[in-house]
Every structure is written in structure tokens, then in C-alpha cells.
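1. just the structure for this:
(chains A and B)
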Amino acid sequence: MEILTFVKDGFAALASFNVIIAMVIGVILGTIFGALPGLSATTGMALLLPIAYKMDVMVALGMLGGIYAGALYGGSISAILLGIPGTAAALPTTFDGFPMSRKGRPTEALLAGLYGSSIGGVFSALVLMFLTPVIGAIAIRFGAPEMFALGVWGISMVSGVVGGDVVKGLFMAVLGLLVGMVGADSVYGYARFTFGSIYLYGGIKLVPVILGFLAMPKVLEMVEELKSGKQFFMPAQEKKYFLRFGEVIRYGVTIIRSAVVGCIIGIAPAAGPGIASMLCYNLAKKGAKDPDSFGEGNVEGVWASETANNAATGGSLVFALSLGIPGSAAAAVLMSALVMRGIQPGPMLLNSNHTLVYGFFAAFLIVNVLVFLFGHGFVQFGSQVLKVPVQYLCPAIIVICVIGAFSDSSMFGMWCMLFLCLAGYLLVKMKFPVAPFMLSLILVSMIERNFWSAYSMTRGNLLLVFTRPMFLIILFVVIATFAAGPIKKAIGKKKNGKQDKEIT
Amino acid sequence: MNLKLNERYVGYFGMVLTVVLAFTLRSARWKTLVLPGFCLACLFLLSLVLAVRGRKANAEEAEKKHYEIKDIPMVLKTLVLTALYIALFRPLGFLISTFLFLFAYQFITGYKSKLLVKLLWATLFPIAAYLIFKTGFSVRLPTLFL
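-> All right, here's what the predicted structure looks like:
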């Protein structure tokens, strides 16, 4: 009952024209930030922090929340239209969203991305609103062993994305692990695979890798078809302005599963929307009737990825607000906005300033609704991008990729991007799958760092981690995920055997 | 002009890469070596499989599975032009280097349009991008005198 009072007070704190305008501006700006490769929610929030300082605190939180939610949705726009994930969390969206664009179904993919993002975002806002005290208590139990187990679960998903050729898939997964290990190791600071270069000491950043390995090879594929006269993008099959209720319900199981799992993964510190979207994409693929259609333009893949990455946002904010520990870079910026105003996030925040906290939760719910409303405009506008002649589109994408790499990592990042473009292009032409590479790259530092932290915690006796309940729960989930496939097959065989017996 | 690719070259490259990377870890302590060592061992084995598989494939299988780059001159021109663009990005500044890149690119694609259209596109797009990124998003782009 107390929570309902807090929620009511939270909504009451938003009853101001300035707050609503700030949320709208935040959503629009955030969507644009998310759509442009190299920029992200964190960049957008950080750039607006000085302006937010001068505003009323609820106005500032509303705008920052709008940027965060908008950027996560915006990443899907470029992922679907051009195969370039605007944010790392939109990476799995490219697997099916881009093929759908090529087949003349960009609007359907964009609408699925929009609806998935909105549903995931609203779900995570509701979880934030009603379950923060409970989730805070669970979140504190995530230590190094649990994070290591989560990373292993993520890596185990490689089996779902290796594609038809297991050797090639594993080759790319191992390559991703090695690229992720470039730089100083987490234990002794030993410079691994840097070849004496100071630029590599900090590791290879994710943005040049995404742009070089994913985006630029797609541009080169378009360039290959330039003189052949072959259409790279098929003309749109039908005009679509919104999805019907039945079209959403059809993927109800995927949506609910992605929302719940995404939210849970978001709670784990430093796991974040990127890992949530990849894991939920793989879960959707494993649970699908026709898993081979994933990667060829199955809209269910878009639903899974986008619902999960927005659902993870609420979980990552719980850690920041209830414990004062930022679980992601975006959460850290949000915390900075509060600290600048003399408000200290942490266990006492809920009790001492519940109007502010629940006001933010209410704002987060509203911005996700605003994403849904304004997103329809972005969908229609975005579909027009594909009508630009490829001769203009290719160099424009190259310029945007160069700007993205420069803004993230300066000149070194740009050269990295070009080198990875050549390597990625050749590998993609030889049908080496990119997904295992990206999955391993994202997870490797989390796995290694937490493994050695767990090793130190247990003083070398790793068997002690099996006494931790949260670790055992995650281990059970890992085993269940592995076992689900063979059990499903065995049940299917038994059913077929029974049917054959009945026929004879 | 097409270029045929074979996965066995990836296998050879993988094996060489493993040796080179292993050499760089020669003075590392054991904790630093655990995960990279495991990964390098896996990479070597997988590269060996790719190399052997690529060699063993007979002519018919190779024909079925061959991978090719369809228009290698176009791809190479794009890569070289992009490399030049990156090299000139800082010395010439964003606006001039992007103008030169976009202008030159239209000639290599062979897209037939009037010179005025080419110039307009090469001028307006960098200006729009500059305004959006520098003024709108406060992304610092290099400038010369423009």
C-alpha cells in the first residue's frame, strides 16, 4: 500500500508542462543519438548533463530518461535499415531486421522494433516502480562468481549462433575472445597482444569493431552490386503504419520471455542491454519451430532483441538507485545528475526522497509510451531512407562510420575500423558468421575479470562458489538451457514413435 | 573481375596468427596466460581443420562452395578512397576531406549525373553532417580553416 502512495506521488511530481516537454525532447534526441553509429545513450546523456544541471531536477531526470529510452529504440532503426547497429544492444536486431529490409519489409521490421522496445521499456518501468526494494536485495547478491556464471551462460549461447558450419562459428567465437583480450590483463596489467603499441594498451574499443566488422562490409556488399544494376534493396511490399493487435499477440510468448529475461539480466551489474538482447535472441531461436529461418528475415528475432534490450534498462537502474552502484555507463551519468543536485543515490534514497525516485520511475514509464507514439513517425521517415540511390547511400554511410569511429576513438579508431572492415568483409564473403565473434567480444572481459575475482575471493578454492545460492540458480539455468534442446528432441521423437505405432 | 576465395587461406592465416600471438605472451605470468593460452590452442586446432578441409575438398565440392568477390576493382577503389579520406581527415579537416571524398566517389561509381549535382551533393552533405554532429551533438570534428 505504501508503494501505491509513492507511485501516486511520483506521477503527481510530473504534472508540469516543462517536464513533459523535456521528456519529448529527450525521446526525440535520444532516438537520433541511438540511430547514429558511434553515438549512444551515454554520449547523449553526458552531453546534456551541463544543461540538465540548470534545470529543475524532475525536468532534468525526465529528459535524461527520455534520452536513455529513445537511444535504445533508435539503435534498431539503423540496425534494420542499413545493417549497422546504432548501439551494441541492437546488434542481434541486424541479424533479421536487415534481411527484412533487403526483402522489401523494412516497415514491418521497424514496427516490430518499435513495439518491442516500447513493451520492454514499459515492462522495465513497471518493475522499477513496484519491485525496486525487492530487486535491490537480490541485486546485492550478484558477486564475481555470479557474474562469471552469467558470462559463461552468454558464451554457451554461441552454440545457437554458429550457423550451419560449426567449425567456422567456433573459429569466429575464439577470434572474438582473442580480440577482446587485447590490452592490459585484469590481474597483473600485462599488455597482451599489443605489439608494443600504446594505442592498444587500453584494448580495442567496441565502436570501431562494430563499424568496421559489421557496418563497412555491408557497404562493400552494396558497392559490389553497383555496376551489376541489381537492386540491393527490394521495393517495399506494402504500406504499413501500425501493427494490429493480432500481429503482436502472435509473438506473445517471445515478447514476455524476452521482457522477463531481459529485466533479470539487466539487474546483474555491468551485464546490460547488450548481453540481454543477445541472450534473448538466442533463446527465441532455440524455442522457435523453425530456427533455421532466424538470420534470414524472421521478425521474431527483431521482437526478441528489441524487447530484451529495453527491458534490461530498468534492471540496470535498480542497482544504481537502490545501492548507489552504477551498473552501466548510462546509469553512472544518471547518478552524476543526481549527485550534482546534492542527492545521494543509495539505500537511503528511497526512504528520504521517495517523491523524486518514484517521479523518475513514472517519467521512465511515460518516456517509453512517448517512444511508442513518436516512434511511428521515425518508422515512416526511416523507410524513406532506403529510396536514396545506393550510389549516394554508400559514401554517406562511410562518412557516418568514419565520424562515429573518430568521435569514439580518434584517428587510431578510424584505422582500426578500416582494417577490421577488410578482415570482416573477407570473412563474411566466405560465410564466416559474425554473431559468435561479437558475442565473445562483448563477454570476454566480464568472464575473465570475474573469474579471477572469484578466485581471489575463495583464495584458490573455487569449490566454495557452489555454496552461493545465486550462483547455483544461474548454473541451473545454464544447464537447463543446454538440456532444453536435447529434451525437446527426445520428447518429439517419443511423440512421433507413438503416432507411428497408432498408425500401424 | 571476380576473385575466388578459399577457407584454407583463413586456416593458414589462423595458424600463423596463433604462433605470432603465442610468441608475444612468452614472458607473461600464469594467470595472464590461462584464458589466452586456451583460446590460442583452440584457434590453432580450428585453423588446422579449416586448412585441411579446404585442401581436401575436391574440384566439384570447391566449385559448389566457392566464394567470390564480384567486382574487385570497385571494392578496392572504395577501400583505397576510404583510406585516403581517413589519412586526410585530420590534415585537411572534416569539411574539405569529406567534400573531396564524396566528389571523387561519384566518379568511381560511374553514376551518370550532372557536374552541378555532384558538386551540390559533395558540398551540402558535409555541411549538414558538420552542423548536426558539431553543433547539435557537440562532437568535435577536425577543422582546417573551414
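2. the longest helix in the chain is where?
-> You didn't say which chain, so I picked chain A. helix A:390-429 (DSSP state H).
3. not quite, I wanted chain B
-> When chain B is parsed with DSSP H, its longest helix is helix B:30-56.
4. let me see the mean pLDDT of it.
-> Mean pLDDT, helix B:30-56: 86.
5. and chain A, is that helix touching that?
-> Yes: using C-beta under 8 Å from any C-beta of the partner chain, helix B:30-56 reaches chain A at B:31-32, B:35-36, B:39-40, B:42-43, B:46-47, B:49-50, B:53. All C-beta spots, glycine's among them, are computed from the backbone N, C-alpha and C.
6. so which of the residues you listed is the closest to residue A:200?
-> If you rank the residues of helix B:30-56 next to chain A by distance to residue A:200 using C-beta to C-beta, residue B:36 comes first, at 14.3 Å.
7. let me see the contact set for the closest one.
-> When contacts are counted by C-beta atoms under 8 Å, 6 or more residues apart in numbering or on different chains, residue B:36 touches A:178, A:181, A:192, A:193, B:21, B:25.
8. verify the stated contact: the fourth one with residue A:177.
-> No: applying C-beta atoms under 8 Å as the test, residue A:193 and residue A:177 come out as separate, 11.4 Å apart.
9. next, count neighbours for residue A:415.
-> 18 (other C-beta atoms under 10 Å in any protein chain shown).
10. wait, it touches residue B:85, no?
-> No: in this structure residue A:415 lies outside contact range of residue B:85 using C-beta under 8 Å: 11.8 Å.
11. helices of the stretch 301-450 of chain A, residue ranges please.
-> Applying DSSP state H, counting those that start in this stretch to the stretch 301-450 of chain A gives helices spanning A:329-340, A:349-352, A:354-385, A:390-429, A:435-457.
12. and the last one, what other elements does it pack with?
-> Yep, that's helix A:435-457 we're talking about. The contact analysis (3 or more C-beta pairs under 8 Å, 6 or more residues apart in numbering or on different chains; DSSP states H and E) places helix A:435-457 against helix A:91-102, helix A:144-156, helix A:158-161, helix A:166-180, helix A:206-209, helix A:272-287, helix B:30-56.
13. can you pull the contacts of residue 144?
-> In the absence of a named chain, chain A is used. Neighbour list for residue A:144: A:449, A:450, A:451, A:453, A:454, A:457 [criterion: C-beta under 8 Å, 6+ apart].
14. I was thinking of chain B, sorry if that wasn't clear
-> If you count contacts by C-beta under 8 Å, 6+ apart, then residue B:144 has B:91, B:92, B:93, B:95, B:96 around it.
15. can I take it that it is in a strand?
-> No: per DSSP: H, G, I helix; E, B strand; the rest coil, residue B:144 lies outside any strand segment and is coil.
16. re earlier: which one of the helices and strands packed on helix A:435-457 lies closest to residue A:443?
-> helix A:144-156 (4.6 Å).
17. list the buried residues in that closest one.
-> A:144, A:145, A:146, A:147, A:148, A:149, A:150, A:151, A:152, A:153, A:154, A:155 (16 or more other C-beta atoms under 10 Å in any protein chain shown).
18. swap in stretch A:127-134?
-> A:127, A:128, A:129, A:131, A:132.
19. so which of the residues you listed sit within helices?
-> Per DSSP H, those map to helices at A:127, A:128, A:129, A:131, A:132.
20. filter those by proximity to chain B?
-> Counting by C-beta under 8 Å from any C-beta, no member of these is near chain B.
21. ok, back up a step: farthest-apart pair in the contacts of residue A:144, please.
-> The widest separation within the contacts of residue A:144 (C-beta to C-beta) is 12.5 Å, between A:449 and A:457.
22. any residues of the stretch 251-400 of chain A in contact with chain B? List them.
-> Taking C-beta under 8 Å from any C-beta, the part of the stretch 251-400 of chain A that reaches chain B is made up of A:389, A:391, A:392, A:394, A:395, A:396, A:398, A:399, A:400.
23. could these go into a markdown table alongside pLDDT?
-> A markdown table is the format used below for those (pLDDT from 0 to 100):
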| residue | pLDDT |
| --- | --- |
| A:389 | 80 |
| A:391 | 82 |
| A:392 | 85 |
| A:394 | 87 |
| A:395 | 90 |
| A:396 | 88 |
| A:398 | 91 |
| A:399 | 91 |
| A:400 | 86 |
